[in-house]
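Asker: no sequence on hand, only this structure:
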Ligand SMILES: O=C(O)CCC(=O)C(=O)O
Ligand SMILES: [Fe+2]
């Protein structure tokens, strides 16, 4: 049965209005209007007199609007029927108004997410020596200690395990010294297996979202999803220390500085602690992270929206390449993370074009945006990692072996035959 636009919107609104679907968190959080400012230390307003504690779980010292995100249920398959078109349009509208949306986890995804989260906690519980051994000199995959990553010149407090395409040492791309190409230095299979499974599942959701976006943006089938054959999908498994338990290398209360991410879509998940802030699109603001760094932009102004943790959902927002392809019809969403009173675990999965692809504007969205010759995704990714990890062994080896220059060669700009 075909369902109309109202129904696609209704799916979204029902989730916002039905507190029973928000089991883990106080329903009152979600009765906030978007224009209501609230923070941990603000006095509860009349509306919140029934609250036992002030609104939400916002990190101390932050003052932001509490977001009411639209929540969507992805179909089993995207066939292109009218209800998919309406859903695609509703997703486009949500990105344009809010900059972020939620998708529900299927019961299977919930199980896979929970197992990945347990694996993450096991990993971060290991000794520093065990974690620090998980480094690779050719890929940027592996462990990043708290204070090692740099955003806008300041150390981030996040502790991270990054997963990139896990390539064997005898893979031809590794033998040919392609930048960023190499193995993922897993600590053990107890970590590797659940994390790989988590990525595989999110990959399927990422593909469905791209299919729906093609419908919602009214562009030919395949214009987004063809880019992700051999996509450079990657994942950051994250732990944030409590605000009073840092090593002093960064800025007080700051987890990760304001930034945009690089590819098509970010699919994130967080535990119940809370710390993510995003910036919805504002008409008078423009930025283009592939031209000039968007890191640190707007960091300290008051136009941020706090993303309250909600059990059983992923949050989704567009990345830089989506912004370029749509001429900013879907801007890459700036976001940042604050430290909270307790440690926080999160995942950020990046659904990306293939490393070799040159991204071009979508039909109907080509307004001569710069650079007119397109953006080489692998170069953008490499630039971002060089900027974030200037002192990592991978950056040093890339410089010593002149790997960066390979990005200009034909081999790195043509599809790879996957065997
Ligand atoms: O911690 C989060 O929720 C988001 C992390 C993030 O922005 C990133 O890893 O790029
Ligand atoms: Fe991010």
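Answerer: Received, thanks. Computed from a predicted structure; not experimentally measured. Ligands and ions are numbered 1, 2, ... in the order given.
Asker: show me what contacts the closest residue to residue 358 other than its chain neighbours?
Answerer: Nearest residue to residue 358 in three dimensions, chain neighbours excluded: residue 374, at 4.3 Å (Cβ to Cβ, 6 or more residues apart in numbering). Just so you know, the C-beta spots here come from the backbone N, C-alpha and C atoms, and that holds for glycine as well. Taking Cβ atoms under 8 Å, 6 or more residues apart in numbering, we find residue 374 in contact with 358, 359, 360.
Asker: kindly report the same for residue 317.
Answerer: Applying Cβ under 8 Å, 6+ apart, the residues contacting residue 317 are 95, 99, 100, 101, 265, 266, 268, 278, 332, 333, 335.
Asker: again, only using 10 Å
Answerer: Going by Cβ atoms under 10 Å, 6 or more residues apart in numbering, residue 317 touches 94-95, 98-101, 260-261, 265-268, 278-280, 307, 330-335.
Asker: name the SS class of it, please.
Answerer: strand (DSSP: H, G, I helix; E, B strand; the rest coil).
Asker: the closest residue to it other than its chain neighbours is in what secondary structure piece?
Answerer: Once flanking residues are discounted, residue 317 sits nearest to residue 333: 3.9 Å by Cβ to Cβ, 6+ apart. Under the criterion DSSP states H and E, no helix or strand holds residue 333.
Asker: next, give phi and psi for the residue positioned nearest the centre of the chain.
Answerer: Here the mean C-alpha position of the chain is nearest to the C-alpha of residue 266 (Cα atoms, centre = their mean), at a distance of 3.1 Å. Phi and psi for residue 266, reported as degrees, to the nearest 10, are phi -110, psi 130.
Asker: give me the nearest residue to it, chain neighbours excluded.
Answerer: Closest to residue 266 by Cβ to Cβ, 6+ apart is residue 317, at 5.2 Å.
Asker: check what pLDDT that neighbour gets.
Answerer: Among the per-residue scores, residue 317 shows a pLDDT of 98.
Asker: which ones are touching residue 182?
Answerer: By Cβ under 10 Å, 6+ apart, the neighbours of residue 182 are 136-142, 164-169, 171, 173-174, 394, 397.
Asker: one step back: are any of the contacts of residue 317 buried, and if so which?
Answerer: 94-95, 98-101, 260-261, 265-268, 278-280, 307, 330-335 (16 or more other Cβ atoms under 10 Å).
Asker: shaky segments in this protein?
Answerer: 1-56, 417-419 (pLDDT under 70).
Asker: got the residues of it near ligand 1?
Answerer: 236, 238, 256, 261, 268, 270, 276, 335, 337, 346, 348 (Cβ under 6 Å from any ligand atom).
Asker: ok, and the closest non-adjacent residue to residue 62?
Answerer: According to Cβ to Cβ, 6+ apart, the nearest residue to residue 62 is residue 338 (5.1 Å).
Asker: try residue 370
Answerer: residue 291 (6.7 Å).
Asker: so the one you found makes contact with residue 260?
Answerer: No: if you go by Cβ atoms under 10 Å, residue 291 and residue 260 don't touch, sitting 11.9 Å apart.
Asker: need the overlap of contacts for these two.
Answerer: residue 320.
Asker: residue 311: neighbour count?
Answerer: 13 (other Cβ atoms under 10 Å).
Asker: name the element it belongs to?
Answerer: Assigned by DSSP H and E, residue 311 falls outside every helix and strand.
Asker: all helices for the protein, in order.
Answerer: 5-17, 82-98, 107-124, 128-132, 172-175, 189-217, 320-325, 377-388, 393-400 (DSSP state H).
Asker: nearest to residue 232, out of those helices?
Answerer: helix 377-388 (6.5 Å; Cβ to Cβ).
Asker: from ligand 1, how far off is residue 404?
Answerer: Residue 404 sits 23 Å away from ligand 1, taking Cβ to the nearest ligand atom, to the nearest Å as the criterion.
Asker: residues near residue 328, how many?
Answerer: Neighbours around residue 328, by other Cβ under 10 Å: 18.
Asker: contact partners for the nearest residue to it once chain neighbours are set aside?
Answerer: Nearest residue to residue 328, sequence neighbours excluded (Cβ to Cβ, 6+ apart): residue 286, at 7.0 Å. The contact partners of residue 286, taken as Cβ under 10 Å, 6+ apart, are 323, 328, 331.
Asker: from residue 288, how far off is the first one?
Answerer: Read it as residue 323. To residue 288, residue 323 is 7 Å away according to Cβ to Cβ, to the nearest Å.
Asker: try the second one
Answerer: Distance, residue 328 to residue 288, by Cβ to Cβ: 8 Å.
Asker: name the residues contacting each of these two.
Answerer: With Cβ under 10 Å, 6+ apart as the test, residue 328 and residue 288 both reach residue 369.
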